[in-house]
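Student: Got a predicted structure here, sequence first:
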2 protein chains.
Amino acid sequence: MSIEKDLFKLKPIAYTTMADQVENHLREYIIKRSIKPGDPIPKETEIAQALGVSRNVVREALSRLRMLGMIESRKKRGMILTQPDVMKGLELIIHPTILDEHVRKQLFELRLVLEVGLGDLLFRRKSEEHLKKLDAIVEREHKATTQIERIRCEVDFHSTLYEMAGNETLKRFQDILMPVFEYVVEYESKLDHTSVGSVTHADLVKILYSNNAEAYPNAMRKHLMPHLDHL
Amino acid sequence: MSIEKDLFKLKPIAYTTMADQVENHLREYIIKRSIKPGDPIPKETEIAQALGVSRNVVREALSRLRMLGMIESRKKRGMILTQPDVMKGLELIIHPTILDEHVRKQLFELRLVLEVGLGDLLFRRKSEEHLKKLDAIVEREHKATTQIERIRCEVDFHSTLYEMAGNETLKRFQDILMPVFEYVVEYESKLDHTSVGSVTHADLVKILYSNNAEAYPNAMRKHLMPHLDHL
DNA sequence: GCTTAATATTAAGTCTTACATATTCACCTA
DNA sequence: TAGGTGAATATGTAAGACTTAATATTAAGC
């Protein structure tokens, strides 16, 4: 009897709807035929007939791909494959209030890892313009009087670093994750803030002005140490 | 005349379908009401009636959320919110053959950044077990005779590092991106391989055995230098 | 003959209805 | 009380009709 119950519990996992299957068929179709962005894909009715399902089901599958930015459709021209934004899917899921504490923490760790490792991209792609922008932020931070203003500078500083790295995908990744971090930052700001890292933003900028790429990772590690110690 | 044509080109961008709107409504609904995983959401017919659209349109929107793992549905129990896998959306989009060269390169850079920054997680969470696993891989690599076997060791080594980091989200991120990297690795393997980084896998393991977290980032940088120089 | 305007065609978007299927709940019998 | 039977219910699937917008074709005008 208990075995039968266990089997029942397994059943829903293996369950796939027609829409799921059509979605997979379409993915395979695109890959196998190596269809490129701009190329047309078959009409809804053609797909429905070819796979022996209702147009309804096909539309559900197409709707999913369209949401991810994999296809676009025009009223008569039919549908075409598009170059998807790789981070689109992430953006669609991530919302701070839905994610649980555990995942939020893991994403924050991910951020720390990224910033320590960012050095080589920064030194290869830094520009006068970016460095001056960082200078301005440090200046603003010094003059800041309220906690809110300081946190804004904090966010601006680190966002500018990602911008400097000259990697759009990475920047986009950061932009998507930012709202999650803001929650953590708020949490951290309530903690003892005298234990701030011994390396300041100004110190980091100084290193970036130099050509000493070796110094960056450990400087950033020290800067982030208050956060790292919380792991 | 040309102005009219330009306007035409802008038109489709603003276009949103009913399914898009319902999807957004549902997202808002979930957030505003702070619905938690396990909580039920309204029936398809209720949503359709409330928003004044057909059940068909509602199903398209729900289908999208279901694909992302945000909701699950049982035949009679209705639908419930689920804790989504944050990396699910990424997994659904990323396929090496669809991504263009430019994006693939950016993702590879992302990987390099991650591995250099990984140190602190590794030193905090390393275990005897993991270190021994790394030892075994280094051993295997020494004995390897074919290029294929060497590449497999390379992949195993770095995958084990992510495993050691003790961050499931990060590991999953790496697993999803791996197929993209394999393409790049294959490409790189055709290049001059005498210019391999001066720091070997064995050196990295030695550092991990020590408690010298400061040494890690620059060691990994040197190890990855052949790749970094290609940026 | 060429351009312009009206019309037809096409494919996606939407709506309605109907039925299938699986799960829950309540009733009802042994 | 246990267990089986059937009704109720919500999702899954199918089919047909209509709307809308973009393209293709034809017709009209010069």
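Tutor: Here it is on my side, so go on.
Student: Next, count neighbours for residue A:45.
Tutor: Residue A:45 has 10 neighbouring residues, counting by other C-beta atoms under 10 Å in any protein chain shown. All C-beta spots, glycine's among them, are computed from the backbone N, C-alpha and C.
Student: I'd guess it is in a helix, am I close?
Tutor: Yes - assigned with DSSP: H, G, I helix; E, B strand; the rest coil, residue A:45 falls within a helix.
Student: which residues touch it?
Tutor: Residues in contact with residue A:45 (C-beta atoms under 8 Å, 6 or more residues apart in numbering or on different chains) are residue A:55.
Student: Kindly recompute the last result at 10 Å.
Tutor: By C-beta atoms under 10 Å, 6 or more residues apart in numbering or on different chains, the contact set of residue A:45 is A:55, A:58.
Student: Report pLDDT for it.
Tutor: Per-residue pLDDT puts residue A:45 at 95.
Student: just the one 5 residues further on next, same as before
Tutor: In this model, residue A:50 is scored at 96, pLDDT.
Student: residue contacts, it?
Tutor: Applying C-beta under 10 Å, 6+ apart to residue A:50 gives the contacts A:25, A:29, A:42, A:58.
Student: can you check residue A:34 too?
Tutor: Counted by C-beta under 10 Å, 6+ apart, residue A:34 has contacts B:97, B:98.
Student: Helix, strand, or coil at it?
Tutor: Going by three-state DSSP: residue A:34 is coil.
Student: ok so, going back, now list the buried members of the contacts of residue A:50.
Tutor: The neighbour count (16 or more other C-beta atoms under 10 Å in any protein chain shown) marks A:25, A:58 as buried among the contacts of residue A:50.
Student: Identify the spatial nearest neighbour of the residue nearest the centre of chain A, chain neighbours not counted.
Tutor: By C-alpha atoms, centre = their mean, chain A has its centre lying nearest to residue A:173, at 3.0 Å. Of all residues not flanking residue A:173 in the chain, residue A:87 sits nearest, at 5.8 Å (C-beta to C-beta, 6 or more residues apart in numbering or on different chains).
Student: So what does the one you found look like in phi/psi?
Tutor: Per-residue torsions, residue A:87: phi -90, psi 0 (degrees, to the nearest 10).
Student: shouldn't it be in contact with residue A:175?
Tutor: Yes - the criterion here is C-beta atoms under 10 Å, and residue A:87 meets it with residue A:175 at 8.6 Å.
Student: which of the two has more neighbours?
Tutor: Comparing residue A:87 with residue A:175 by other C-beta under 10 Å, the one with more neighbours is residue A:87, at 24 against 13.
Student: Up against DNA strand D, what does chain A have?
Tutor: Residues of chain A lying near DNA strand D by C-beta under 7 Å from any atom of the strand: A:17-19, A:52-57, A:74-77.
Student: switch to 6 Å and redo it
Tutor: Within chain A, the positions adjacent to DNA strand D are A:17, A:18, A:19, A:53, A:54, A:56, A:57, A:74, A:75, A:76, A:77 by C-beta under 6 Å from any atom of the strand.
Student: can you redo those as TSV with secondary structure, neighbour count and pLDDT?
Tutor: Output for the residues of chain A next to DNA strand D, formatted as TSV (DSSP: H, G, I helix; E, B strand; the rest coil; neighbours: other C-beta atoms under 10 Å in any protein chain shown; pLDDT from 0 to 100):
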residue	secondary structure	neighbour count	pLDDT
A:17	coil	14	94
A:18	helix	16	95
A:19	helix	23	96
A:53	coil	18	97
A:54	coil	11	97
A:56	helix	14	96
A:57	helix	21	97
A:74	strand	10	85
A:75	coil	7	83
A:76	coil	4	80
A:77	coil	9	82
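Student: can I get the residues you listed in TSV with distance to residue A:101?
Tutor: Formatted as TSV, the residues of chain A next to DNA strand D follow (distance: C-beta to C-beta, whole Å):
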residue	distance to residue A:101
A:17	32
A:18	37
A:19	33
A:53	41
A:54	43
A:56	40
A:57	38
A:74	44
A:75	46
A:76	49
A:77	47
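Student: Looking at the residues you listed, spot the one nearest DNA strand C.
Tutor: Checking those against DNA strand C by C-beta to the nearest atom of the strand gives residue A:76 as the nearest, at 3.9 Å.
Student: pLDDT at the residue nearest to the centre of chain A, what is it?
Tutor: 96.
Student: Let me know whether it touches residue A:167 as I believe.
Tutor: Yes - the pair residue A:173 and residue A:167 qualifies as a contact (C-beta under 10 Å) at a distance of 8.9 Å.
Student: which residues are common contacts for these two?
Tutor: In contact with both residue A:173 and residue A:167: B:106, B:107, B:110, using C-beta under 10 Å, 6+ apart.
Student: is the helix or strand hosting the first one anywhere near chain A?
Tutor: Using DSSP states H and E, residue B:106 maps to helix B:101-117. Yes - judged by C-beta under 10 Å from any C-beta of the partner chain, helix B:101-117 comes into contact with chain A at B:102-107, B:109-117.
Student: so the helix or strand hosting residue A:151 versus helix A:101-117, what angle?
Tutor: Residue A:151 belongs to helix A:147-164 when assigned by DSSP H and E. With axes from the mean of the first three to the mean of the last three C-alpha atoms, to 10 degrees defining the directions, helix A:147-164 sits at 60 degrees from helix A:101-117.
Student: Quickly note the distance from the closest residue to residue A:121 other than its chain neighbours to residue A:122.
Tutor: Nearest residue to residue A:121, sequence neighbours excluded (C-beta to C-beta, 6+ apart): residue A:165, at 4.0 Å. To residue A:122, residue A:165 is 6 Å away according to C-beta to C-beta, to the nearest Å.
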